[in-house]
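**Student:** Sequence first, predicted model second:
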Protein chains: 2
Amino acid sequence: MRNLLLYLEYDGTNYHGWQIQPEDITVQKTVEDAVFKIFKEKISVTGCSRTDAGVHAKKYALSFFTECKIPAERVAVALNTALPYDVRALYCTEVGENFHARFDTVSKTYQYIINNGKYDVFMRNYCWTVKSALDIEKMRSSAKYFLGKHDFKSFMTGEKDVTVRNVFSLDITENGDFINIFISADGFLYNMVRIIVGTLKKIGEGKLDGEKIPEIILARDRSLAGETAPPQGLYLYDVKYEVSEILK
Amino acid sequence: MRNLLLYLEYDGTNYHGWQIQPEDITVQKTVEDAVFKIFKEKISVTGCSRTDAGVHAKKYALSFFTECKIPAERVAVALNTALPYDVRALYCTEVGENFHARFDTVSKTYQYIINNGKYDVFMRNYCWTVKSALDIEKMRSSAKYFLGKHDFKSFMTGEKDVTVRNVFSLDITENGDFINIFISADGFLYNMVRIIVGTLKKIGEGKLDGEKIPEIILARDRSLAGETAPPQGLYLYDVKYEVSEILK
């Protein structure tokens, strides 16, 4: 029995998120079907996170146990023959039996794309079109307040016991009318990236003073933060593990 | 009764082309449904060309007669409230009663996008991924042979009486791994752009000598040209009319 770590890229437009659901097509089910087709094994794969419907991944990590003897470096190519064109296996490596794709992450990075220009039919599933002119310098200068270990209860949907997360970086870049927001952390609460993006948008519009962020964090009150940005602008961009955990 | 000229942008991924078909969803039907919803008129719109399934348009022109009194400059905004998100009305202007969106074109420009890099799930419906390395200079230096008035029978699918077309320009630009091919002409034969692109690809791969193009044109033999490039890389990019025909 081997434990394989596989990286994927996927367009989430036509999926009801990652996690298997009874009625809907999900990325997890799609991958498990492909594994069954290629390896002839009914297995359950463990994903690094639950992405929502419409959310994309440029690098998603999952792992699964298999009896199959295909060398790890050939697994991605084999699976791509059975995967649909909106899900691609990138590469695969063998890991130790204790490796867990979700619990062993040391950092995750999300990208969020805002189109601050004209609505573009070709990008409609891949960004959030914001009509109001955004002041990127205002957004950038508030980014520092999100960095470090904070209780992000104001920036989440639902309930959770532990709401402290460590944000490593928050960078904002421009590419023509498109604004890219990259956020890295040790982990994210439900909707955390999308609420931070909605809050940055409000700051960029001049409707919220960026200096208020420390206060909003301390308040632990969702109603003080900005709106939840829509799913289609969100991409899981990178997932990192300790090398020692990856090596067998 | 007014005659309105309307420009559209659309993502052709989910449509069976422009023209109405009994069973399938087409862009024409979608526009006529929106016109019915907004103007309460059952009308038939005249498009500037029949695009195939999966082909896109950055600027598509159509015209229709209407009794409605909405000022032309407000028509696009009104129709967008009834159109799906993959079809957008760009702008509208009133034209003379003799104006015909198809027969009165003086030039059309198509764009074709080749991805000559890694397969990209997010671009899968918007370009042709070509794995073999393309020599763009070879492609560029053969472009001149397509210019001017020629019988393009070697570069079409099907039959047609008049197969002479006047190609005004053929430009190839690069944008990272993406190659953009822009072709303008007074009109195009069925699959003409896609077969020219397939032929340019063969030249770029070094499998066809670009100096052979004049010979291939003269032969009037489809089998001598390259393959038909797939539809999803093709965009109707511009449609031009004589200003005198547009003005009432």
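**Tutor:** Arrived safely, thanks for sending.
**Student:** What does the pLDDT read for the residue lying farthest from the centre of chain A?
**Tutor:** No residue in chain A sits farther from the centre than A:Lys69, which is 31.0 Å out by C-alpha atoms, centre = their mean. Per-residue confidence (pLDDT) for A:Lys69: 88.
**Student:** Now do stretch A:45-58: distance from first to last residue.
**Tutor:** 18 Å (C-alpha to C-alpha, to the nearest Å).
**Student:** buried residues in it?
**Tutor:** A:45-49, A:51-58 (16 or more other C-beta atoms under 10 Å in any protein chain shown). The way it works is simple: take the backbone N, C-alpha and C, and place the C-beta from them, glycine included.
**Student:** next one: stretch A:150-162
**Tutor:** Neighbour-count burial for stretch A:150-162 [16+ other C-beta under 10 Å]: A:150, A:152-156.
**Student:** With stretch A:173-191 instead?
**Tutor:** A:178-185, A:187-189, A:191.
**Student:** what's the farthest-apart pair in those residues?
**Tutor:** Taking C-beta to C-beta as the measure, the buried residues of stretch A:173-191 span a maximum distance of 26.9 Å, between A:Phe178 and A:Gly187.
**Student:** Identify the bridge partners of A:Asn166.
**Tutor:** Per DSSP bridges, the residues bridged to A:Asn166 are A:Lys149.
**Student:** where along chain A do the strands fall?
**Tutor:** Ranges of strands within chain A are A:2-10, A:46-47, A:56-66, A:87-95, A:105-115, A:128-129, A:148-151, A:164-175, A:178-185, A:234-241, based on DSSP state E.
**Student:** Tell me which of those strands sits nearest to A:Arg74.
**Tutor:** Across those, closest to A:Arg74 is strand A:87-95 (C-beta to C-beta), at 8.2 Å.
**Student:** other SSEs contacting that closest one?
**Tutor:** On a contact count with 3 or more C-beta pairs under 8 Å, 6 or more residues apart in numbering or on different chains; DSSP states H and E, strand A:87-95 meets strand A:2-10, helix A:27-39, helix A:72-80, helix A:243-246.
**Student:** could you redo the last one with a cut-off of 7 Å?
**Tutor:** Using 3 or more C-beta pairs under 7 Å, 6 or more residues apart in numbering or on different chains; DSSP states H and E as the contact definition, the elements that strand A:87-95 packs against are strand A:2-10, helix A:27-39, helix A:72-80.
**Student:** chain center to that strand: distance?
**Tutor:** 17 Å (C-alpha atoms, centre = their mean, to the nearest Å).
**Student:** Also stretch A:20-28?
**Tutor:** On C-alpha atoms, centre = their mean, the centre of stretch A:20-28 falls 18 Å from that of its chain.
**Student:** Would you mind listing what in chain A touches chain B?
**Tutor:** Within chain A, the positions near chain B by C-beta under 7 Å from any C-beta of the partner chain are A:9-11, A:85-86, A:88, A:119, A:121-122, A:124, A:126.
**Student:** Can you tell me the closest non-neighbouring residue to A:Leu134?
**Tutor:** Distance criterion C-beta to C-beta, 6 or more residues apart in numbering or on different chains; nearest residue to A:Leu134, sequence neighbours excluded, is A:Gly204 at 3.4 Å.
**Student:** Low-confidence bits of chain A, can you list those?
**Tutor:** Applying pLDDT under 70 to chain A flags residues A:244-248.
**Student:** Can you get me a residue count around A:Phe36?
**Tutor:** A:Phe36 has 13 neighbours, counted by other C-beta atoms under 10 Å in any protein chain shown.
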